[in-house]
Every structure is written in structure tokens, then in C-alpha cells.
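In: Got a sequence here, can you model it:
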Amino acid sequence: MRKQLLPFVGIGIVVVAVAVGVMLYVQRGAHIELKGGIQKVRTLAMDENSSVAVMDFRFMNPSNYGFVVREVKVSMEDQQGRTLDGSVVSEMDARRLFQYYPLLGQKYNDTLLVRTKIGPHQSMDRMVAARFEIPEKLLQDRKQLRIRVEDVDGPVSEIVEAR
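Out: Numbers count the residues shown, from 1 in each chain. Next up is the predicted model:
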């Protein structure tokens, strides 16, 4: 009796495997997430206890759906593994920062703003500036910087500095 069921069980397993494969193939672009990396980081001491990090980064929306930015946060991991949150600088303040502090160099990209729309399969270059309440030396000796971007519908993406 068991030998008679064996071919049917095998066919059933193959049918289920094909169905799962088809579902995964159809859903491949449904995961909303930004992928990318930080291209360049510039730091500047504002005073002896605070500094600014300017991060130029490139990212892409590989999904089949648009991504609308709800919130942007920046954090830094120091050499001891502690995470410090930075205060994100607005576009207007970033322009002034580059205007008043020529040591930062040229402002290459626009700031990633709330309500920025990233279309399906679209790639962008943006920047974010953040103020940290630590001396510039500690900011320069960091392990990594992390940009956290949240979509209006909830998904969260992180763009991490590779050091």
C-alpha cells in the first residue's frame, strides 16, 4: 500500500515546490527598501564639544513600488560600540553651513528631505548633514555612520558607512 502512495507524494512535493517558486518569483519586487552606501563623509568642528558630519550617499529603490520619505535620522557608532544620535540639519541650514564654512568644500547634492519621492527602480544621489554633541576627533575616530530612512507606509531602510 505504501509503495502505491510514493509516486503521488513525490508529485505532490514537486507541485508544491513549483507553486512556492512561482510565488517568490512574482513577489520579487514587492519588498520596499532602499539600498545604497555612503560615498563621502566630511566633518567639521563647530566648537570644542560639538561637530557636524556631512554625508554624501547614493541609493536605489529596487522595488516595484515608490518610496516616500517620512523621516531621516542619523546615528554614529563610536569605537566603544556606543550609538550616538545626531540632529539632522535642514536644507536651508546646510546651504548656510557650506556658505560660512568653505573648509567643507562644495555642496554636491541636495539634502534628502521629508516627502522626497523615490520611484520604482530609481537611483538618487543625496546628502545629509547632522550635528553631534561630541568633539570632532571622536567623530573622525568613529566605527561607522548610519542613515535611517523611514517610508510613510512603515518600511525602514538603513544606509551604512563602510569603513
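
In: Tell me where the chain has helices.
Out: Remark: helices of the chain, listed N- to C-terminal, are 2-26, 91-100, 136-140; assignment by DSSP state H.

In: And for the last one, what's in contact with it?
Out: The contact list for helix 136-140, computed with Cβ atoms under 8 Å, 6 or more residues apart in numbering, reads Thr43, Leu44, Ala45, Ser51, Ala53, Met76, Asp78, Phe132. C-beta here means a position set from N, CA and C on the backbone, and glycine is covered the same way.

In: Report the contact partners of the closest residue to Glu48 other than its chain neighbours.
Out: Computed as Cβ to Cβ, 6 or more residues apart in numbering, the closest residue to Glu48 that is not its neighbour in sequence is Pro135, at 6.3 Å. Going by Cβ under 8 Å, 6+ apart, Pro135 touches Ala45, Glu48, Asn49, Ser50, Ser51.

In: which one of those residues has the most neighbours?
Out: Neighbour counts for the contacts of Pro135 (other Cβ atoms under 10 Å) peak at Ser51, which has 22 neighbours.

In: I'd assumed Arg131 was in contact with that one.
Out: Yes: Ser51 is within contact range of Arg131, at 7.4 Å (criterion: Cβ atoms under 8 Å).

In: Now do the strands in this protein.
Out: 35-47, 50-60, 67-77, 83-88, 117-118, 123-132, 144-151, 156-160 (DSSP state E).

In: And the pLDDT for Glu48?
Out: pLDDT, Glu48: 92.

In: again with Val128
Out: Taking Val128 on its own, its pLDDT is 97.

In: Report the beta-bridge partners for it.
Out: Bridge pairing for Val128 (DSSP bridges) gives the partners Met55.

In: residues near it, how many?
Out: Neighbours of Val128 (other Cβ under 10 Å): 25.

In: how far away is it from Ser50?
Out: The spacing between Val128 and Ser50, counted by Cβ to Cβ, to the nearest Å, is 17 Å.

In: If we go by neighbour counts, what in the helix or strand of the chain with the lowest mean pLDDT is buried?
Out: Counting by mean pLDDT, DSSP states H and E, the chain has its least confident helix or strand at helix 2-26, which shows a mean of 76. Counting neighbours by 16 or more other Cβ atoms under 10 Å, one finds that helix 2-26 has no buried residues.
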